[in-house]
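Enquirer: After the sequence you'll find the predicted model.
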Amino acid sequence: MKHNQNLTGREVARHIREDLLGFDLQPADADATVQARELAARLIGPEIVSAEALRRVQDQAKAALFVAYEGDELTGVLAFVLLSRAGLEAVLRGAFNASSPSPAHVANPEEIVCGFYGWGVAATTKPTAKRVIEAAHAMGGHSVAHIPYFARPTTEAGHRLMRERMNFVDLPGSDGIVWAPPSIMQVEAA
């Protein structure tokens, strides 16, 4: 993948799908979306994004929800939002609604992706958890390395993962959002 900051949603989505297939994560279809939301709600809490909002963002961005299976059982979820310029600005202002992102905040396939918002990671088994976390980490070092990465951890395990293993820091002025700058810029600055 070329390292520039002008990749469209279509290009970033393609790179994400390629990266995540290497970890045996696949885009969620309509049935898997409902199951993934139920799994995540059980593990994270019921106040997470709705299945309808997950599907809407998945349909708009072409990459937002990926699932992992062990045999026929859905055991893992990785969900995120590719942010448009307006979405990035909303995150920075504290106006991004993670429960139901505005369509204007989600990068369309032809728009430049300006940021990445991690919606959530959930898994029911240790092997799947390891695979999903490694996939998210790999994606941050490749598919979305050229853009800032944001998340709002809601569990203690999420806080530890984001801060200790993935080196995220608190976003100044936010109420619980953590972030990591584009990793390409970190590498180039070194």
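Expert: Sure, I can see it.
Enquirer: hey, where'd the strands end up in the chain?
Expert: Here the chain has its strands, by DSSP state E, at 26-27, 65-70, 73-83, 115-123, 149-151, 169-170, 178-180.
Enquirer: which other helices and strands contact the fifth one?
Expert: Translated: strand 149-151. strand 115-123, strand 178-180 (3 or more C-beta pairs under 8 Å, 6 or more residues apart in numbering; DSSP states H and E). The C-beta positions use only the backbone N, C-alpha and C, and glycine is treated the same way.
Enquirer: What lies in contact with that strand?
Expert: 83, 91, 115-119, 140, 158, 162, 168, 171, 177-180, 182 (C-beta atoms under 8 Å, 6 or more residues apart in numbering).
Enquirer: Now do the same contact list for the residue positioned nearest the centre of the chain.
Expert: The residue lying closest to the centre of the chain (C-alpha atoms, centre = their mean) is Phe80, at 2.6 Å. Residues in contact with Phe80 (C-beta under 8 Å, 6+ apart) are Ala64, Phe116, Tyr117, Gly118, Trp119.
Enquirer: hmm, back to that, please identify the most buried of the helices and strands packed on strand 149-151.
Expert: strand 115-123 (a mean of 25; mean count of other C-beta atoms under 10 Å).
Enquirer: Please name the strands paired to that one in the sheet, noting orientation.
Expert: Here strand 115-123 is paired, per DSSP bridges, with strand 73-83 (antiparallel), strand 149-151 (parallel).
Enquirer: now what about that strand, what contacts it?
Expert: Applying C-beta under 8 Å, 6+ apart, the contact partners of strand 115-123 are 39-40, 43-44, 48-49, 64, 68, 75-83, 87-88, 91, 96, 98, 101, 129, 131-133, 136, 140, 144, 147-151, 154, 158, 161.
Enquirer: Quick one, which of the residues you listed are buried?
Expert: Neighbour-count burial (16 or more other C-beta atoms under 10 Å) is assigned, among the contacts of strand 115-123, to 39-40, 43-44, 48-49, 64, 68, 75-83, 87-88, 91, 96, 98, 101, 129, 131-133, 136, 140, 144, 147-151, 158, 161.
Enquirer: Mean pLDDT per element in the chain, and the minimum belongs to which helix or strand?
Expert: Least confident element among the helices and strands of the chain, by mean pLDDT, DSSP states H and E: helix 183-189 (a mean of 46).
Enquirer: Nothing else from me, thank you.
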